[in-house]
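[1] this is the structure alone, sequence omitted:
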């Protein structure tokens, strides 16, 4: 990318390109939110500069509307106070414009797209801390309306959508939205955040890793719920616990755990591959840059774009590197 960034957001556009927006250029006291935006062109592998956000922001959420526009929702500045502002980017003219504010200021919210008409905006941090924020986003009009709030507060959480349009939110606990009712799963993951979640090829739900709230140590456990969420099974990573990672599902049904931090705030220097037939993880070497707090976007050809993230812990810098994971 043209700029290194952490705490940024990315979204797949209608034409198969990827928009990456905002973030912070460095961790630590010298870091400040940025407004720069870039577009990745999968056919050429090149990046192009896009118009800057009206307001710099990190830990924002992006959502693509039915008409092709992209919303930038909330985020925060250097003081950790959440923003309520919303902007819309029109790819036809490459321009951002301010829209009506959010009902409540929030940063770190997640967007779960159910179909071409609606998405769920869920969780994040309000001015009071981790939140139970839940709004329906009409992808045709950009209007927000109240959604059933989850039982738990969710910050630094992961989301997934099952084939039955159930929204899964996982952090200190794992909850599933069925219709207008939240279901607490039979086995809680209490005590950790920064987990990763993905739906397997057979419709099962995987929640992996995370960071212990009490001692901030990485977790190695993975829980897999079958469709219907009965009788979960537990397995562990083969080599290292990790948090701040992402999960990518390949065509063959394998799951790849990408990046993250492990114990002692060390980078996980391997990826791990989940073999669905064996129900086990195996560590594999990787030549790409170790990182955490990166973005991952599924491209139209089934591959994944992995971009940005932190290269060092504490006062480290933000990475401009990008990788493409083949399906």
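    Perfect, I can see it now. Quantities reported herein were computed from a predicted structural model and do not represent experimental measurements. Numbering: from 1, shown residues only.
[2] drop to CA atoms for contacts and neighbour counts, all remaining ones
    Will do.
[3] burial count for the residue lying closest to residue 33 once chain neighbours are set aside?
    Among residues not flanking residue 33 along the chain, residue 24 sits closest, at 4.3 Å (C-alpha to C-alpha, 6 or more residues apart in numbering). The tally of other residues near residue 24 (other C-alpha atoms under 10 Å) stands at 29.
[4] which residues does residue 24 contact?
    5, 6, 7, 8, 31, 32, 33, 34, 57, 58, 318 (C-alpha atoms under 8 Å, 6 or more residues apart in numbering).
[5] what pLDDT is listed against it?
    We have a pLDDT of 92 for residue 24.
[6] among the contacts of residue 24, which one has the most neighbours?
    Tallying neighbours with other C-alpha under 10 Å puts residue 5 at the head of the contacts of residue 24, with 33 neighbours.
[7] tell me the phi and psi of it?
    phi -160, psi 150 (degrees, to the nearest 10).
[8] that one touches residue 318, doesn't it?
    Yes. In this structure residue 5 lies within contact range of residue 318 using C-alpha atoms under 8 Å: 4.9 Å.
[9] now render the contacts of residue 24 as CSV, adding pLDDT and distance to residue 285.
    Formatted as CSV, the contacts of residue 24 follow (pLDDT from 0 to 100; distance: C-alpha to C-alpha, whole Å):
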residue, pLDDT, distance to residue 285
5, 93, 25
6, 92, 24
7, 93, 26
8, 97, 26
31, 76, 31
32, 86, 33
33, 92, 33
34, 93, 33
57, 96, 34
58, 95, 31
318, 88, 23
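[10] wait, which of these is closest to residue 98?
    Nearest to residue 98 among the contacts of residue 24 is residue 57, at 13.6 Å by C-alpha to C-alpha.
[11] partners of the residue nearest to residue 33 in the sheet?
    residue 6, residue 33 (DSSP bridges).
[12] that one and residue 168: what is the separation?
    From residue 24 across to residue 168, the span is 28 Å (C-alpha to C-alpha, to the nearest Å).
[13] same deal with residue 222?
    Look at residue 222 and residue 168: by C-alpha to C-alpha, they are 15 Å apart.
[14] from residue 88, how far out is residue 320?
    24 Å.
[15] who has more neighbours, these two?
    residue 88 (22 against 17).
[16] which residue packs closest to the more buried one, ignoring adjacent ones?
    residue 71 (4.5 Å).
[17] OK, contacts around the one you found?
    61, 62, 63, 64, 65, 86, 87, 88, 89, 142.
[18] next: residue 226.
    203, 204, 205, 232.
[19] again, but for residue 270
    By C-alpha under 8 Å, 6+ apart, the contact set of residue 270 is 259, 283, 284, 285, 286.
[20] try residue 287
    So residue 287 contacts nothing (C-alpha under 8 Å, 6+ apart).
[21] that one and residue 259, how far apart?
    12 Å.
[22] pretty sure residue 35 contacts residue 9?
    No. Here residue 35 does not reach residue 9: they are 11.6 Å apart, not a contact under C-alpha under 8 Å.
[23] any weak-confidence spans in the chain?
    27-30, 186-191, 312-316 (pLDDT under 70).
[24] for the residue lying closest to residue 201 once chain neighbours are set aside, what are its contacts?
    Leaving aside its chain neighbours, residue 201 sits nearest to residue 253 (5.5 Å; criterion: C-alpha to C-alpha, 6+ apart). Neighbouring residues of residue 253 by C-alpha under 8 Å, 6+ apart: 200, 201, 275, 276.
[25] what secondary structure does residue 53 sit in?
    coil (DSSP: H, G, I helix; E, B strand; the rest coil).
[26] chain neighbours aside, what residue packs nearest to it?
    Using C-alpha to C-alpha, 6+ apart, the closest residue to residue 53 is residue 35 (4.8 Å).
[27] ok, that neighbour to residue 102 distance?
    Distance of residue 35 to residue 102, computed by C-alpha to C-alpha: 19 Å.
[28] correct me if wrong: residue 64 contacts residue 138.
    No. Residue 64 is not in contact with residue 138 according to C-alpha under 8 Å; the separation is 10.6 Å.
[29] which one's more surrounded, those two?
    A count of neighbours by other C-alpha under 10 Å puts residue 64 above the other of residue 64 and residue 138, at 23 against 17.
[30] wait, what's in contact with residue 323?
    288, 305, 306, 307.
[31] how does it look with 10 Å?
    Residue 323 makes contact with 45, 288, 289, 296, 304, 305, 306, 307, 308, according to C-alpha atoms under 10 Å, 6 or more residues apart in numbering.
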